[in-house]
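J.: Generate a structure from the sequence data that follows.
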Amino acid sequence: YPKLARGIGGTTYLVWQQCRLGDACEKSSIMVSRHDGSSWGESVEVSPLSEGSAHATSPDVAVDSSGTAHIIWKDSGTIGARPTDSDILYRSWSGVGAAGLGVMQTVSVGGVLDCVEFSDCATVIDSKITLVGDQPAVAFSATGTARSFEVFYATITNGSWSATQLSDGSHDVPPYSGVGARSPDIGTDFL
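T.: Numbers count the residues shown, from 1 in each chain. Okay, here's the model as predicted:
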């Protein structure tokens, strides 16, 4: 599941999902590498087992005006802020080795996504990232309460992620038919 984003001065970032612990793929990890305009740098693991990641899948990446990569992925580990095995996680990377990795944060929190018990937690399905100015914004789908699937939009406010449900069943035929919304994408322009 490779994804590519280009930053200033031709710097390009590539993220992908990779097996890390052997042929049986006991753990999939998210990897990142940077091309500085002339060659690819060393790849860095974004989702290490030592930090609670497990079966990290489906990455996406965006690059801000300073050349920092903003990376999201789906993870079934214990690192997430919710008691579930299905979260969207976020981490920035400056492009300089493992030391350039930012703190892992949970994107899929807020509103109906907050939960106390494992069985009450919505399962996240897919996600896309973009930047609004230099701030990351994420669209993703998750299991809903009234319908099977809903679309959410998440941003960072005062250093914390919070997601808002965007979709509802009012446009269904018939209204609130139960299937819901899936496969969101997101993009921004320079303004």
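J.: can we go C-alpha only for contacts and neighbour counts from here?
T.: Fine.
J.: tell me the phi and psi of the nearest residue to Pro48 once chain neighbours are set aside?
T.: Spatial nearest neighbour of Pro48, chain neighbours left out: Ser29 (6.9 Å); criterion: CA to CA, 6 or more residues apart in numbering. With angles defined as degrees, to the nearest 10, Ser29 sits at phi -120, psi 160.
J.: Which pLDDT value does the model give Ser29?
T.: Residue-level confidence at Ser29 comes out at 92, pLDDT.
J.: Centre-most residue in the protein?
T.: What sits nearest the mean C-alpha location of the chain, by CA atoms, centre = their mean, is Ile72, with 2.6 Å.
J.: Buried ones in stretch 164-177, by neighbour count?
T.: By neighbour count on 16 or more other CA atoms under 10 Å, the buried set for stretch 164-177 is 164-165, 167-169.
J.: And that stretch, how far out from the chain middle?
T.: A distance of 24 Å separates the centroid of the chain from that of stretch 164-177, by CA atoms, centre = their mean, to the nearest Å.
J.: start to end distance for that stretch?
T.: 21 Å (CA to CA, to the nearest Å).
J.: what's that stretch in contact with?
T.: 110-112, 146-147, 150-154, 178, 180-181 (CA atoms under 8 Å, 6 or more residues apart in numbering).
J.: Return the distance of the residue nearest to Pro48 relative to Gly95.
T.: 18 Å.
J.: try Gly10
T.: To Gly95, Gly10 is 13 Å away according to CA to CA.
J.: Compare those two (neighbour count), which wins?
T.: Comparing Gly10 with Gly95 by other CA atoms under 10 Å, the one with more neighbours is Gly95, at 24 against 12.
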